[in-house]
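Student: sharing a model prediction with you, sequence too.
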Amino acid sequence: MSGLLPRPRLFSPLEGVVTWTSPLRVVADAALEGAARRFGADLAGALGWEVVVDVGDADGQIVVRQTGDLGDEGYRLQVDDVTIIEATSAAGASYALTTLRQLAPAIAWSSALAIVGSLDVARASCEDAPRFAWRGVHLDVARHFFDVATVMRFIDLIAAHRLNRLHLHLNDDQGWRVEVPGWPRLTKVGSTRRSSPVGHERDGLDDGVFHGGFFTDDDLVSLREYAASRHVVIVPEIDLPGHAQAAIAAYPELGNTDETLEVWTRWGISEHVLNVEEATFAFAEAAVGHVADLFPASPVHIGGDECPTVEWENSPAAQRVMVERGLTSTRELQGLFTTRLGTLLRRRGHEVLAWDEVLDADVPDGTVIVAWREAAKGVEAARRGYDVVMAPMQSLYFDWLNSGELAEPVAIAPAPHVTTWESVYGFEVVPARLEAELAHHVRGAQAQLWTEYIATREHLDYMAFPRLCAFSEVVWGTAGDLEEFRGRLRTHLARLDAMGIAYRALEG
Ligand code: ACM
């Protein structure tokens, strides 16, 4: 099937091809004009063609019509002398145009201007819609900062695979990457570390090189708008109360000890976490609230993973809070953050996400749990009535090795912790153990790109692709036979070549 990827739900090849030349004329209903213009600009950028987009009843070789019955993301596509696209939403129209572009030669995906006089597009008929609403990719911009241009390019690549969520991990022990009004030292101090590990963390070597960067509010608004035009929702994360050493380095009063801390220069889990005083909750609300305001239509992720409690155990102030609140375990202190931040965000109309550790303390109803430690955490969350996004590290952490080969670049976990594109293709989004009547709690899945060991755009490409290709089909809901997929993937790689993606070769 022309190497379509992710595979559409229903597809019928028809005899022959349609030949396009410049100028190409597209006509769209007003509600779908944005998708048509995006397609036109992308094709014009790839081929140097004139692509004329009209709204209303004009003639065109591609006609994009709104219809009422295809849902949030579905579409119908009939490729012929006049190609007809039907969709209810702009996202559906955009996915149809993505599939249409895949029916043209790979050069239609060129990121550098390719000069061609005509394109033969395979005639076909297609009806399609995704199975899962949450088709996510997570990118850690805290361990290594990636600038606006790199994130925009990454948005292009995930949108090309009909993925629709970009979860941005905006702070960690090793760097704070967003401005917060009234808290200038977060970026002045917290956004730069003086050194990073060389090789693997366990080797204990330092590069002695400053690493830093942060997004201004304007940067984040640009990213939001850019992503929205490609039907990708950015999900910002402020990770609290653990993974907070950069914040404490900027504002020592947020910490539990008198120790002077720097933005962490090692990888791992710092035991320096936020204290549980009222002023610190106010800080957390200011930080999370500000980021939420920049993404008014987005779900917001409040972190909650890997929060060591040793400082709370040794802190008289934390112990006092436990007595006042009648808590019996320091673990329960984390619930104070989950509840405060969750309440604030929901009052402002945001959906709230958190890593699965929040289940170990109070967690408000309606919180969406991102199950990362193992699929069983997703099962537990669903049984307790929470919606879940499946992100188990054993299957969907793309910072893990691509293979067990010795030549593989250093990655976070040693072999046998290997995640091949073939194993990703076999991932079942809905855990087999989950009772069928609870399957509706599974919103979808998300692939994680933690960046301790990913410092460049090329290495990001290498870790992301082709595993994200396999993932996109799994979460679209049309994954099937691996060997059939392998053939389509080979065809698809020509598109990745045209896009200039430094992907990992399939074998070797
Ligand atoms: C995580 O990997 N700490 C969510």
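Tutor: Perfect, I can see it now. Computed from a predicted structure; not experimentally measured. Numbers count the residues shown, from 1 in each chain.

Student: so where do the strands sit in the stretch 101-250 of the chain?
Tutor: 118-128, 134-140, 165-169, 171-172, 175-176, 192-193, 197-198, 205-206, 211-212, 233-240 (DSSP state E, counting those that start in this stretch).

Student: tabulate those (CSV), appending mean pLDDT, distance to the ligand and mean neighbour count.
Tutor: In short, each C-beta sits where N, CA and C put it, glycine included. Below are the strands of the stretch 101-250 of the chain laid out as CSV (pLDDT from 0 to 100; distance: least, C-beta to the nearest ligand atom, whole Å; neighbours: other C-beta atoms under 10 Å):
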stretch, mean pLDDT, distance to the ligand, mean neighbour count
strand 118-128, 97, 32, 19
strand 134-140, 99, 9, 26
strand 165-169, 98, 9, 25
strand 171-172, 98, 9, 28
strand 175-176, 98, 15, 30
strand 192-193, 98, 19, 20
strand 197-198, 97, 17, 17
strand 205-206, 96, 23, 13
strand 211-212, 98, 20, 17
strand 233-240, 98, 8, 24
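
Student: distance check, residue 223 against residue 149.
Tutor: 10 Å (C-beta to C-beta, to the nearest Å).

Student: and these two? which has more neighbours close in?
Tutor: residue 223 (22 against 9; other C-beta atoms under 10 Å).

Student: thinking the more buried one is in contact with residue 151, fair?
Tutor: Yes. With contact defined as C-beta atoms under 8 Å, residue 223 reaches residue 151; the gap is 5.8 Å.

Student: can you list residues touching both of these two?
Tutor: Common contacts of residue 223 and residue 151 (C-beta atoms under 8 Å, 6 or more residues apart in numbering): residue 168.

Student: and whatever helix or strand residue 493 lives in, how far from the chain's centre?
Tutor: Counting by DSSP states H and E, the element that carries residue 493 is helix 482-499. Computed by C-alpha atoms, centre = their mean, to the nearest Å, the separation of helix 482-499 from the middle of its chain amounts to 22 Å.

Student: same question for stretch 390-401.
Tutor: That offset, for stretch 390-401, works out to 13 Å (C-alpha atoms, centre = their mean).

Student: and the protein, which residues reach the ligand?
Tutor: For the chain, the contact set with the ligand under C-beta under 6 Å from any ligand atom comprises 305, 306, 355, 372.

Student: grab the nearest non-local neighbour of residue 78.
Tutor: Distances taken as C-beta to C-beta, 6 or more residues apart in numbering put residue 84 closest to residue 78, at 4.7 Å, once the chain neighbours are dropped.

Student: tell me which residues in the helix or strand that that neighbour is a member of are buried?
Tutor: Using DSSP H and E, residue 84 sits in strand 83-87. Neighbour-count burial for strand 83-87 flags 83, 85, 86, 87 (criterion: 16 or more other C-beta atoms under 10 Å).

Student: closest to residue 98 out of the residues you listed?
Tutor: residue 85 (10.8 Å; C-beta to C-beta).

Student: make sure that closest one is actually in contact with residue 74.
Tutor: No. In this structure, residue 85 is not within contact of residue 74 by C-beta under 8 Å, at 11.4 Å.

Student: picking up where we left off before, for the residue nearest to residue 78, give its distance to the ligand.
Tutor: 44 Å (C-beta to the nearest ligand atom, to the nearest Å).
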